[in-house]
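Asks: With the sequence up front, the predicted model follows.
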Amino acid sequence: MTNNHRTLREVGERYIVREILGMLKPSERLLDGFGHDAAFFDMQLERDEILVINSDRSGLNIAYQLGLAGPQCVGDLGVSHAVSDIVAAGGQPEALSVALLLPADTRVDFVRELMQGAEAAARRYGAVLTGGDTKKNPKFAMVVTAIGKANRDKRLTRSSACSGDALVVTGNIGAMLLGTLAYKNDLSVPKGVRALLDQALIQQQPPFDLGRAFADAGVARACMDISDGLSGTLFSICGASQVGAIIDERAIPIHPDLRPLAESLGLRPMQLALGGGDWQYLYAIPVEKLTTAQRIAETLGARIATIGKTTTSLTVIARTLEGEYRHLQRIEHDSFRDGGQGMSYFEWLGNPLNCFGETLDPATHNDCLLL
């Protein structure tokens, strides 16, 4: 049996650390290389630049669990997960640290391939892997800390949206939920649809080039990624910025080739948007900068969709497919609460009407007039 097929219980922590360090290629910006108590990373800051820092935990993603891709996609997701928030904040990732929590029966080749995926993702985003840690744990987890830099005056927070800003979503959403349902229920779908679903499940990557271009151009006021679903993201921005919002369910960007599958499953756009797992962004953009944002997106071959506006009230309203104006429910995944009292996140998603609260009368509610 080769060492690659042995488990960590058989080879020990020092062996796997040597393996990881031996396969990584240290950048010139990593002073003194790997293997020290802390990494020395050469990152000079200009007077108008600030550090941007984020840590995120990820596990075995659905693509790996379904056998659609190998451990590389697990490493890619871990890095992409951490980098996504750096870009959403208007930053450029520079350095990454990876901590692996590993069961003792994990195979060496799994760790090697995972780190290959992590290293390739770091290069794709223009960042450098600087080191990390390995620890024994009953369940696998990957914790990535990303450090980057941003222009002080172009940084994007959750709390900087203003009333009247356009709410803009990048890309298409809903493919992760559809892909998960298609595979778990062994649905027969056309070849082209299957390719779109596979891509969504395997390549859980943020729209990096578009996010960086928006940051450089300073077109947006606020941003969050919507990997946990549109509802939670929308409420987070509105709550932090002390604004409300009104969105149009008909404007939620669903890939046209996936709409027939969604309809056959009885899923409406709002349910797909709440499902999470789609690594896209929600921006609050001043209306006068929308043309610039659209031009940037077209230049990069990317898609953006205006789904609504922020409002002066503190309520979040949706215009439904049926033309009704209703309060939007805050539905988001919460691993601490799911499985406790009340309905779980996926039980909420199961009923289309769970997305919405009480119906509003447009004649008596001014926010409804904004759409």
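Replies: Received, thanks. These numbers come from a predicted model, not from an experiment.

Asks: quick one, helices of the stretch 1-150 of the chain?
Replies: 8-11, 13-23, 62-65, 71-88, 108-124 (DSSP state H, counting those that start in this stretch).

Asks: Q271: which of those helices is closest?
Replies: Among these, the nearest to Q271 by C-beta to C-beta is helix 62-65 (17.8 Å). No exception for glycine: its C-beta is placed from N, CA and C like everyone else's.

Asks: tell me what that closest one is packed against?
Replies: Judged by 3 or more C-beta pairs under 8 Å, 6 or more residues apart in numbering; DSSP states H and E, helix 62-65 is in contact with helix 71-88, helix 175-184, helix 191-202.

Asks: what's the closest of these to R319?
Replies: Once the helices and strands packed on helix 62-65 are compared by C-beta to C-beta, helix 175-184 is nearest, at 21.7 Å.

Asks: which of the residues in that closest one are buried?
Replies: 175-183 (16 or more other C-beta atoms under 10 Å).

Asks: Stretch 230-250 now?
Replies: Neighbour counts over stretch 230-250 (16+ other C-beta under 10 Å) mark 230-238, 241, 243-249 as buried.

Asks: go on, stretch 288-297?
Replies: Buried positions in stretch 288-297, judged by neighbour count with 16+ other C-beta under 10 Å: 289-290, 293-294, 296-297.

Asks: Return the subset of the buried residues of stretch 230-250 lying in strands.
Replies: Using DSSP state E, 244-248 are the members of these that sit in strands.

Asks: circling back to that earlier point, which one of the helices of the stretch 1-150 of the chain has the poorest average confidence?
Replies: Among those, helix 13-23 has the lowest mean pLDDT, at a mean of 79.

Asks: Can you name the residues in contact with it?
Replies: By C-beta atoms under 8 Å, 6 or more residues apart in numbering, the residues outside helix 13-23 that reach it are 3, 8, 34-35, 102, 108, 111-112, 115-116, 119, 134, 136.

Asks: Would you write a ChimeraX line that selects the buried entries of these?
Replies: In ChimeraX, this line selects whichever of the contacts of helix 13-23 come out buried by 16+ other C-beta under 10 Å:
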select :8,34,102,108,111,112,115,116,119,134
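
Asks: farthest-separated two in the contacts of helix 13-23?
Replies: Of all pairs in the contacts of helix 13-23, the most separated under C-beta to C-beta is E119 and K136 at 22.9 Å.

Asks: still on that earlier bit, now the helices and strands packed on helix 62-65 in JSON lines, with distance to E358?
Replies: Listed next are the helices and strands packed on helix 62-65 as JSON lines, based on distance: least, C-beta to C-beta, whole Å:
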{"stretch": "helix 71-88", "distance to E358": "32"}
{"stretch": "helix 175-184", "distance to E358": "26"}
{"stretch": "helix 191-202", "distance to E358": "33"}
